[in-house]
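J.: Have a look; sequence and predicted model below, questions after that.
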Amino acid sequence: MLVSTLLVIMMAIPGLALFYGGLVRSKNMLSVLMQVFVTFSMITVLWVVYGYSLAFTEGNSFIGGLDRLFLKGVFDPATGAFAMAATFSKGVVIPRSSSSPSRPPSRRSPAASSSAPSPSA
């Protein structure tokens, strides 16, 4: 989850910077690039401080709690391992696709299929 967040931020900074930079005159391009960079830097810091905690911890029915402020409990320095990432899919079961066969199709010999009556008869 944290890697995907980082990838989205790394993708959005140049994308939005170039998009908004294309809407202004060339003399204001650097200003717009810096504004986008500073805004996303602030968003990243706020996500680390309390955004992750509010999004992925138990709380009331609308917003999570503050149990994971500053990503507390996400990384265990003693073992060097990360905790399992939280997702929005808690309790979701993905059903089996109806188009995929549950068992391999039976193989009939050509002689067996020719002896069967045709449906039009």
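T.: That came through, no problem. Numbers count the residues shown, from 1 in each chain.
J.: Looking at the helix of greatest length in the chain now, give me its mean pLDDT.
T.: The residue-count maximum for a helix in the chain (DSSP state H) belongs to helix 2-21. Averaging pLDDT along helix 2-21 yields 84.
J.: And the contacts of the helix or strand just after it?
T.: Following helix 2-21 in sequence order, the next helix or strand is helix 29-46 (DSSP states H and E). Helix 29-46 has contacts (Cβ atoms under 8 Å, 6 or more residues apart in numbering) with I9, A12, I13, L16, A17, Y20, G21, L23, V24. For glycine as for every other residue, the C-beta is placed from the backbone atoms N, C-alpha and C.
J.: Of the residues you listed, select the buried ones using a ChimeraX command.
T.: For the buried members of these, the matching ChimeraX selection, counting by 16 or more other Cβ atoms under 10 Å, is:
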select :13,16,17,21
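J.: For V49, state which of the contacts of helix 29-46 is nearest.
T.: For these, the residue nearest V49 by Cβ to Cβ is I9; the value is 14.8 Å.
J.: Before we move on, what's the pLDDT of T87?
T.: pLDDT, read off for T87, is 64.
J.: Might you list the low-confidence residue ranges for this protein?
T.: Applying pLDDT under 70 to the chain flags the ranges 1, 84-94, 96-121.
J.: Name the residues that touch the longest helix of the chain?
T.: Residues outside helix 2-21 that contact it (Cβ under 8 Å, 6+ apart) are 29, 32-33, 35-37, 40, 43-44, 47, 52, 71, 74, 82, 85.
J.: Buried residues, stretch 43-63. List them.
T.: Neighbour counts over stretch 43-63 (16+ other Cβ under 10 Å) mark W47, V48, G51, Y52, S53, L54, A55, F56, T57 as buried.
J.: related to what we said a few turns ago, by neighbours, which of the contacts of helix 2-21 wins?
T.: Highest neighbour count within the contacts of helix 2-21, by other Cβ atoms under 10 Å: Y52, with 23 neighbours.
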